[in-house]
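1. Predicted model and sequence below, questions to follow.
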Amino acid sequence: MSQKVQYSSGAANDGKDACLPMLEFLVKCASSARMEGILRLEDVVLEKGNDFLSLMMMMVIDDVDPAVIKEIGENLIHADDLAGNGLLERKIILEGVLSIQAAYSPRMVEIRMLSLLGLGYVKEKGYIPAYIPDDMIYGRVAALADRETPHESDGFETAVQNLGDWHTQRFLKEISQRELAVAISGFRADTMMKIFANCSKQWATVVIEEMEYMGAIRKVDVMEARKNMMDIMKDLAEAGEITLVY
């Protein structure tokens with residue numbers, strides 16, 4: 001999880017800074033939901049004693065459609081005629097809850113909420129893209145490869161190894177970072193690095209963080225994700241957009 005940062009506080013930011021405890025609480029909720037499941041949040045959220053947060057999160061736990069939750073949340077924000085800190089905090093809660101429901105990584109949940117406070121807060125937290133040395137990425141990939149137990153060959157890793165660079169880039173446009181993080185669990189470090197050499201370092205870093213947060217992944221989930229990846233590759237090959245060898 002991201003390290004806690006002390007935000008600068010000035011007259012113009014006093015109101016925004018008052019919303020940071022709620023924002024940080026929701027980042028912790030995102031981490032708990034990813035590691036232990038969404039049900040883990042029920043007691044934690046109710047103990048917080050915030051009626052708006054409790055209502056929004058209970059609808060997530062009850063698997064209410066995200067569009068319905070968003071509509072109800074926005075209706076309550078408008079109906080209560082809020083302004084200042086109250087309005088901003090509710091917007092942060094709604095964004096955080098919907099992001100948790102969408103299963104975004106804690107990092108992305110935090111960025112989405114920070115965006116409501118302004119670019120300065122996003123930058124101060126360290127989320128503005130910066131130069132990332134190749135050896136830093138490789139070190140994290142090597143650690144993941146050492147941690148994960150290799151899964152039996154199913155053709156997917158071989159297919160990835162045999163894809164040309166342009167075809168790898170085309171394939172990556174069709175998948176999400178979370179899906180890829182699950183599918184490449186148990187890959188060799190050199191195979192992962194081949195993938196990451198064909199996307200931006202920022203995109204690669206998000207995938208790596210997803211894998212680090214998820215920890216050990218069930219074999220059945222890995223194999224299902226790999227099957228989905230292979231289906232996408234086969235569709236692209238049939239359309240003549242990539243050459244598939246496995």
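-> That came in fine, so what should we check first?

2. quick one: the spatially most central residue of the chain from Tyr213, how far?
-> Per CA atoms, centre = their mean, the C-alpha nearest to the average position across the chain is that of Ser105, at 2.5 Å. Distance check for Ser105 against Tyr213: by CB to CB, to the nearest Å, it reads 6 Å. No exception for glycine: its C-beta is placed from N, CA and C like everyone else's.

3. overlap in contacts of the two?
-> Arg34 (CB atoms under 8 Å, 6 or more residues apart in numbering).

4. care to break this structure down by domain?
-> 11-124, 134-238 (automatic domain parsing).

5. What is the end-to-end distance of the shortest one?
-> Using CA to CA, to the nearest Å, the gap from the first to the last residue of domain 134-238 comes to 34 Å.

6. and what of stretch 96-115?
-> Stretch 96-115: ends 11 Å apart by CA to CA.

7. I'd like to know which elements the lowest-mean-pLDDT helix or strand in the chain is packed against.
-> Least confident helix or strand, the chain: helix 14-17 with a mean of 78, by mean pLDDT, DSSP states H and E. Secondary-structure packing of helix 14-17 (3 or more CB pairs under 8 Å, 6 or more residues apart in numbering; DSSP states H and E): helix 84-101.

8. Can you report the mean pLDDT over the residues of the helix it packs on?
-> Average pLDDT, helix 84-101: 94.

9. Tell me where the longest helix sits in the chain.
-> In the chain, assigned by DSSP state H, the helix with the most residues is helix 219-238.

10. roughly how far is it from the heart of the chain?
-> Put simply, helix 219-238 sits 20 Å off its chain's centre (CA atoms, centre = their mean, to the nearest Å).
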